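Colleague: Okay, here's the prediction I keep looking at, along with the sequence it came from:
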Amino acid sequence: MLPVKDAENLILNHVQPLTETEPVSLDAVAGRVLATPVSSSLDYPHDDNSAMDGYAARSRDLTEASPEQPVSLDIVEEIPAGVPPRHPLKTKQAARIFTGGVLPIGADTIIIQEETQREGDQVKVFSSPTPGQFVRKKGSFYQAQQPLLPSGLTVGAPELAILAAMQCREISVYCRPRVSIFSSGNELITPDQTLQRGQLVDSNQYALTELVKAQGAIPIPLGIIPDERDALKSAIAQAISSSDFVISTGGVSVGDYDYIEQILKELGGEIHINSVAIKPGKPLTFAAFPNCYYFGLPGNPVSALVTFWRFVSPALKKLSGQTNNLQPNFVKAKTEQKLQGNGKRETYLWGQLKIIAGEYKFHLAGGSHSSGNLINLAQTNALAVIPVGETVISAQETVAVMPIE
Ligand code: AMP
Ligand code: MG
């Protein structure tokens, strides 16, 4: 039984980012991982522009301006946003300007309109502005050709806005990993089949397909494969040859019908992990093939999800080219209930992580914490972790909690 941390390291050391990349347009880049650093040929702001509604002026004309001795300037033009200025400012001249308007040549400051008084074609200024005030200088937020976004970054709404603003129209991203998913078990049926005594509906395939999709990978659901050597072997061979990752559930325990590990070996897979000191999820199996990684997750619904969140998700992020935030972000929380651990295996208990009065609190899900009980997983958003060697964490004590994405 490998400690959880060792299993995590081993998996992350093995899995390498996909090498294939593709160019995508701005419309298709959300959720994708940048394959090369992005830069732009534009400065940002594109020009010196005004951050306020007011008047563009030359600060040196106004060094003496005060409430008692206001200075009058001639207004030579009006510059709304989107209209370039036409007149360079000469001595004692100003331009009416609005937020986003481009500063005319010669102007180096903005006087906000609240500090002025308009008198026909003139404006009285009651204070001496500092040079550069309320001016957004060309290139002060970003200079053309400098690094804009690093590779390995997943494009979310802010990055999308940046790429759009900087007219990055074609972006190189990593190809999305193809992830085959199947469930193994003679007892399994699909939700629309009639349930016979002893049968169980395959729920794992639904949850895992959704999790894989949510990570930006391409799920390839292969359905239910019976616990039969030949059927399993051909399904696995087909899956590893046509995808980057395979995730199966069931058939990795020590039961008489648990064939997967043996088949992986027969197909030339290198088994790196076949049991981890985690509860739930002990029979987790991880194998490497030349162009594919195989995760055999236990069949119990909670075990399958916990091992996905803890091990598969970081690996899939790395495979996708992501370089940051691969591992879970554990937080310290006060548990509202007593938590019981297994002692020998790192124990994961599901519940709700909340912030109350500025403090993280963990509320344990009610009902059974059997790995076969998926019912009380509803509305949970975190897993409390009881380390090896500990069997009890009392209520109000601190526990490490892993938020579930
Ligand atoms: P196994 O890992 O194959 O020994 O399965 C452990 C338990 O999980 C058994 O009770 C199975 O019936 C159940 N199980 C296996 N696969 C699934 C699945 N795809 N969906 C829901 N439960 C499953
Ligand atoms: Mg089984």
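Modeller: It's in. Computed from a predicted structure; not experimentally measured. Ligands and ions are numbered 1, 2, ... in the order given.

Colleague: roughly how far apart are residue 171 and residue 257?
Modeller: Plainly put, residue 171 is 48 Å away from residue 257 if you go by CB to CB, to the nearest Å. Quick note: C-beta positions are derived from backbone N, CA and C, even for glycine.

Colleague: which of those two has more neighbours?
Modeller: Counted by other CB atoms under 10 Å, residue 171 and residue 257 do not tie: residue 171 has more neighbours, with 21 against 16.

Colleague: Local confidence estimate at the residue lying closest to that one once chain neighbours are set aside?
Modeller: If the residues on either side of it in the chain are set aside, residue 171 comes closest to residue 29, at 5.0 Å by CB to CB, 6 or more residues apart in numbering. With respect to pLDDT, residue 29 scores 98.

Colleague: count of neighbours near residue 29?
Modeller: Residue 29 - counted by other CB under 10 Å - has 22 other residues nearby.

Colleague: next helix or strand past the host helix or strand of residue 241?
Modeller: Assigned by DSSP states H and E, residue 241 belongs to helix 229-242. Using DSSP H and E, the helix or strand that follows helix 229-242 in sequence is strand 245-249.

Colleague: Name every strand pairing with that next one and say which way it goes.
Modeller: Taking DSSP bridges as the criterion, strand 245-249 forms sheet pairs with strand 178-184 (parallel), strand 292-297 (parallel).

Colleague: Ok, which of those strands comes nearest ligand 2?
Modeller: strand 178-184 (6.4 Å; CB to the ion).

Colleague: For the closest one, which outside residues touch it?
Modeller: Strand 178-184 is contacted by residues 202, 204-205, 208-209, 212, 217-227, 232, 235, 239-240, 242-251, 260, 299, 316 when judged by CB atoms under 8 Å, 6 or more residues apart in numbering.

Colleague: List the buried residues in stretch 25-39.
Modeller: Within stretch 25-39, the residues that qualify as buried are 29, 32-35, 38-39, counting by 16 or more other CB atoms under 10 Å.

Colleague: What score does the residue lying closest to residue 267 once chain neighbours are set aside have for pLDDT?
Modeller: Nearest residue to residue 267, sequence neighbours excluded (CB to CB, 6+ apart): residue 237, at 5.8 Å. Residue 237 carries a pLDDT value of 98.

Colleague: and if you look at the one 4 residues further on?
Modeller: For residue 241, the pLDDT comes out at 97.

Colleague: Residue 213 now?
Modeller: 97.

Colleague: same deal with residue 254?
Modeller: So, for residue 254, pLDDT stands at 86.

Colleague: Could you shift the numbering so residue one becomes 429, and keep it that way?
Modeller: Got it, the first residue is 429 from now on, which makes the last one we talked about residue 682.

Colleague: tell me the contacts of it?
Modeller: Shown in contact with residue 682 (CB under 8 Å, 6+ apart): residue 711.

Colleague: Next, work out how far apart it and residue 711 are.
Modeller: Counting by CB to CB, the gap from residue 682 to residue 711 is 8 Å.

Colleague: And residue 776, by the same measure?
Modeller: From residue 776 to residue 711 the distance is 15 Å (CB to CB).

Colleague: Give me the buried subset of the contacts of strand 606-612.
Modeller: 630, 632-633, 636-637, 640, 645, 647-648, 650, 652-655, 660, 663, 667-668, 671-679, 688, 727, 744.

Colleague: just to revisit the earlier point, give me the distance between the residue nearest to residue 695 and residue 535.
Modeller: 72 Å.

Colleague: repeat for residue 436
Modeller: 58 Å.

Colleague: what residues does the chain put near ligand 1?
Modeller: 611, 613, 615-616, 628, 630-632, 677-679, 681, 683, 726-729, 800 (CB under 6 Å from any ligand atom).

Colleague: among those, which are in strands?
Modeller: The strands, defined by DSSP state E, take in 611, 616, 628, 677 from the residues of the chain next to ligand 1.

Colleague: The first one bridge partners, please.
Modeller: With DSSP bridges as the criterion, the beta-bridge partners of residue 611 are residue 652, residue 677.

Colleague: Now do the helices in this protein.
Modeller: Per DSSP state H, the chain carries helices over the ranges 432-442, 585-593, 632-642, 657-670, 688-694, 729-735, 741-747.

Colleague: Which of the ones you listed has the highest mean neighbour count?
Modeller: helix 729-735 (a mean of 26; mean count of other CB atoms under 10 Å).

Colleague: Quick one: list the elements packing against that one.
Modeller: On a contact count with 3 or more CB pairs under 8 Å, 6 or more residues apart in numbering; DSSP states H and E, helix 729-735 meets helix 632-642, strand 720-725, strand 774-784.

Colleague: Using JSON lines, please lay out these together with distance to ligand 2.
Modeller: What follows is these, written out as JSON lines (distance: least, CB to the ion, whole Å):
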{"stretch": "helix 632-642", "distance to ligand 2": "11"}
{"stretch": "strand 720-725", "distance to ligand 2": "11"}
{"stretch": "strand 774-784", "distance to ligand 2": "21"}
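
Colleague: Out of these, which gets nearest to residue 473?
Modeller: helix 632-642 (36.0 Å; CB to CB).

Colleague: re earlier: format the helices and strands packed on helix 729-735 as CSV; extra columns: distance to residue 510.
Modeller: Shown next, in CSV, are these (distance: least, CB to CB, whole Å):
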stretch, distance to residue 510
helix 632-642, 40
strand 720-725, 52
strand 774-784, 43
